[in-house]
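Student: below are the sequence and a predicted model for it; my questions follow.
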Amino acid sequence: MSAPGFLPLRQLVLVDLLGLILAVRPGERAVVAIDGPDGVGKSHLAAELVALSAHVAGRTVHAVSIDGFHHPQEHRYARGRTGTTCYEDSFDYDSLRRAVLWPYRDGRDIVPAVFDVAADQPVDAAPVGLPDDAVLLVEGVFLRRPELRQAWDATCLVTAPARVTVRRGNARFPHLAGADDPRHAANARYVEAQEIYRLKSRGWPPDWILDNTDLQRPELVWPDPDEPQWFEQ
């Protein structure tokens, strides 16, 4: 039976992915990174997996976003607005560790966000308690970076060509109308950041890849380090 709100073909693929995720560290708390470029559909995918988990007997699945752990704008732009600063200065990984990763591993409540990037101010989010065998999904960009390798029990790369992800990502921002070409100057910072990240993470293939180019017909594929096209965003 199809879960409400899901496209039938998409649901079949996501059920397969969810099965893989639920098999990570059975009986214990597990952390799975949902990685991928802006606009690829990570947030929506994480929400879908959480919703589907309610129809699957077994473990609780909960999701948090790296977007709740941005640095303030003053910090993010202090060294300019380049691909390098986007990759290096966007997120507060120490806060992510203190609020989410460390307490979760210790069996304690997590704080799902500490910063509102749109308002550019801290937030006081309510703690969230989770079962001892829960699966925590952390979704966001740059999650397979070297300094986070020990944070995840498994990783899923959500991928699509830049011509697709840039258009999807820009659709959220009216001021970027007409800038859907990845080569447009308005996209240079993010495209360059993804290139930097691709090189930094190349030696650490994800456990799974979801090709999300066609939202109705995503494809679950197995990573092959000898096929670099999967990692070129």
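Tutor: Here it is on my side, so go on. The shown structure was predicted, so the numbers you read here are calculated from the model rather than taken from an experiment.
Student: other SSEs contacting the helix or strand bottoming out on mean pLDDT in the chain?
Tutor: Each helix and strand of the chain was given a mean pLDDT (mean pLDDT, DSSP states H and E); the minimum falls on helix 162-170 at a mean of 90. Applying 3 or more Cβ pairs under 8 Å, 6 or more residues apart in numbering; DSSP states H and E, we find helix 162-170 packed against helix 188-201. C-beta: built from backbone N, CA, C; applies to glycine.
Student: buried residues in the helix it packs on?
Tutor: By neighbour count, with 16 or more other Cβ atoms under 10 Å as the criterion, the buried positions of helix 188-201 are R189, Y190, V191, E192, A193, Q194, I196, Y197, S201.
Student: the least confident helix or strand of the chain versus helix 188-201: what angle between them?
Tutor: If you take axes from the mean of the first three to the mean of the last three Cα atoms, to 10 degrees, helix 162-170 sits at 120 degrees to helix 188-201.
Student: quick check: buried residues in helix 162-170?
Tutor: A162, V164, T165, V166, R167, R168, G169, N170.
Student: would a markdown table of those with distance to R59 be doable?
Tutor: Shown next, in a markdown table, are these (distance: Cβ to Cβ, whole Å):
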| residue | distance to R59 |
| --- | --- |
| A162 | 35 |
| V164 | 32 |
| T165 | 30 |
| V166 | 35 |
| R167 | 35 |
| R168 | 30 |
| G169 | 31 |
| N170 | 36 |
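Student: for the residues you listed, which one is nearest R144?
Tutor: Proximity to R144 was ranked across the buried residues of helix 162-170 by Cβ to Cβ; first place goes to T165, at 16.5 Å.
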